[in-house]
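Asks: Turn this into a model:
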Amino acid sequence: MLPLLHLGTAVNLGAWHLEPTIVAGAFIAVSFYTYGAFTIKGAFVPRQAVYFFAGVLAIFLALVSPLDAAANRLLSMHMLQHVFLTTIGPPLLLLGLTPALLDPVLRPGLVSRLAALVTHPVFAGTLFVVNMWFWHVPPIYGAALSHLPVHILMHLMFMGSGILFWWPVVQPSPHTGRLGEGARLLYLLASGMPMGLLALLFFASNGVIYDHYEKLQPLWGISHTDDQQIAGLVMGALGEAASFTAITLLFFRFLDREEAAAPAAVPGRIDAL
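Replies: Modelled structure (predicted):
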């Protein structure tokens with residue numbers, strides 16, 4: 001079955017499509033954030049507002065820019081789109097949320113307990129990995145490319161699981177629990193291994209995994225096998241770049257905290273080993 005998404009759309013710098021639902025979603029997110037930031041005391045922090053709007057922009061561009069048209073022709077571009085939806089946009093959104101902005105929603109109660117449950121590292125990390133593997137199973141991936149409602153669901157699941165995955169790392173609200181730097185390091189390292197394996201499968205596979213792309217003329221002279229290998233590199237390199245950055249920052253914060261907690265040396269005293 002030929003894809004229903006942007007069928008026949010030329011892949012060039014003019015291939016923008018301002019889907020009403022995407023524009024409305026971005027507008028609603030920006031409107032709620034702006035309203036809360038300027039009506040709740042202490043909710044507006046300029047630097048964090050920049051992060052939030054950058055996150056909205058990253059997700060918006062991934063869905064309406066020529067990248068979306070190219071994603072229908074190349075697996076590597078589709079993978080790049082997924083990176084924006086799961087690994088670039090969500091952590092920026094969370095970095096933009098201040099505790100004061102979240103407090104009216106996450107006050108101690110049922111909502112707070114539910115939020116603490118779904119953002120728990122075990123649940124959030126497992127959901128993220130399972131969701132990513134699930135949507136890349138060939139029949140399911142093919143259904144997402146051929147049926148618009150399934151494709152929309154896939155994007156929503158990517159964004160939702162991405163937000164939940166990055167929540168324990170960014171920790172925008174104290175109401176959902178706190179993890180130390182060491183625990184967050186372990187969380188990122190543990191979740192990175194199955195994602196790296198998925199990327200390796202794309203890179204090392206000799207045959208084309210998805211029939212959808214074999215039915216299309218190669219774009220920009222990129223063969224189907226090369227496209228698949230590039231997709232593996234995108235997932236393995238760009239997809240893990242945010243995790244590597246977070247791991248690096250957390251590692252140095254962990255070392256700083258350990259150094260600050262270490263007892264100061266007393267002159268003339270040699271501590272026992």
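
Asks: Report the residue spans of the chain with pLDDT below the cut-off.
Replies: 1-14, 251-273 (pLDDT under 70).

Asks: Centre-most residue in it?
Replies: residue 86 (2.0 Å; C-alpha atoms, centre = their mean).

Asks: Which residue, neighbours along the chain excluded, lies closest to it?
Replies: Taking C-beta to C-beta, 6 or more residues apart in numbering, and ignoring the residues beside it in sequence, residue 86 has residue 162 as its nearest neighbour in space, at 3.8 Å. From N, CA and C alone the C-beta is placed, and that goes for glycine too.

Asks: Against residue 59, how distant is the one you found?
Replies: In this view, residue 162 and residue 59 are 9 Å apart by C-beta to C-beta, to the nearest Å.

Asks: can you list residues touching both of these two?
Replies: Counting by C-beta atoms under 8 Å, 6 or more residues apart in numbering, the shared contacts of residue 162 and residue 59 are 85, 89.

Asks: The closest residue to residue 70 other than its chain neighbours: neighbour count?
Replies: Excluding its sequence neighbours, the residue lying closest to residue 70 (C-beta to C-beta, 6+ apart) is residue 77, at 3.9 Å. Using other C-beta atoms under 10 Å, residue 77 is surrounded by 24 other residues.

Asks: thought residue 77 was touching residue 65?
Replies: No: taking contacts as C-beta atoms under 8 Å, residue 77 lies outside contact range of residue 65: 10.7 Å.

Asks: Where does the residue nearest to residue 70 fall, secondary structure wise?
Replies: Using DSSP states H and E, residue 77 maps to helix 75-83.

Asks: same check, this time on residue 115
Replies: Here residue 115, judged by DSSP H and E, is contained in helix 110-118.

Asks: Repeat that for residue 157.
Replies: Under DSSP H and E, the secondary-structure element containing residue 157 is helix 148-170.

Asks: just how off-centre is that helix within its chain?
Replies: Helix 148-170 has its C-alpha centroid displaced from the chain centroid by 7 Å (C-alpha atoms, centre = their mean, to the nearest Å).

Asks: tell me which residues in that helix are buried?
Replies: Buried residues in helix 148-170, defined by neighbour count with 16 or more other C-beta atoms under 10 Å: 150-152, 154-155, 157-170.

Asks: and it, C-alpha only, in PDB?
Replies: Only the C-alpha atoms of helix 148-170 are listed here, as PDB (Å, rounded to 0.1, in the frame of the first residue of the first chain):
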ATOM      1  CA  LEU A 148      -2.600   8.600   8.900                       C
ATOM      2  CA  PRO A 149      -4.300   7.900  12.300                       C
ATOM      3  CA  VAL A 150      -1.600   5.300  13.100                       C
ATOM      4  CA  HIS A 151       1.100   7.700  12.100                       C
ATOM      5  CA  ILE A 152      -0.300  10.500  14.400                       C
ATOM      6  CA  LEU A 153      -0.500   8.000  17.200                       C
ATOM      7  CA  MET A 154       3.100   7.000  16.700                       C
ATOM      8  CA  HIS A 155       4.200  10.700  16.900                       C
ATOM      9  CA  LEU A 156       2.100  11.300  20.000                       C
ATOM     10  CA  MET A 157       3.600   8.200  21.700                       C
ATOM     11  CA  PHE A 158       7.100   9.300  20.800                       C
ATOM     12  CA  MET A 159       6.500  12.800  22.300                       C
ATOM     13  CA  GLY A 160       4.700  11.500  25.400                       C
ATOM     14  CA  SER A 161       7.300   8.700  26.100                       C
ATOM     15  CA  GLY A 162      10.100  11.200  25.500                       C
ATOM     16  CA  ILE A 163       8.700  13.700  28.100                       C
ATOM     17  CA  LEU A 164       8.200  10.900  30.600                       C
ATOM     18  CA  PHE A 165      11.700   9.500  29.900                       C
ATOM     19  CA  TRP A 166      13.500  12.900  30.400                       C
ATOM     20  CA  TRP A 167      11.400  13.800  33.500                       C
ATOM     21  CA  PRO A 168      13.600  11.900  36.000                       C
ATOM     22  CA  VAL A 169      16.700  13.500  34.500                       C
ATOM     23  CA  VAL A 170      15.500  17.100  34.400                       C
END
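
Asks: Tell me which residues are up against it.
Replies: Applying C-beta under 8 Å, 6+ apart, the external contacts of helix 148-170 come out as 4-5, 21, 59, 63, 82, 85-87, 89-91, 93-95, 118-121, 123-125, 127-128, 131-132, 135, 143-145, 176-177, 179, 184, 187-188, 191, 246, 250.

Asks: Since that was my last question, I'll sign off now.
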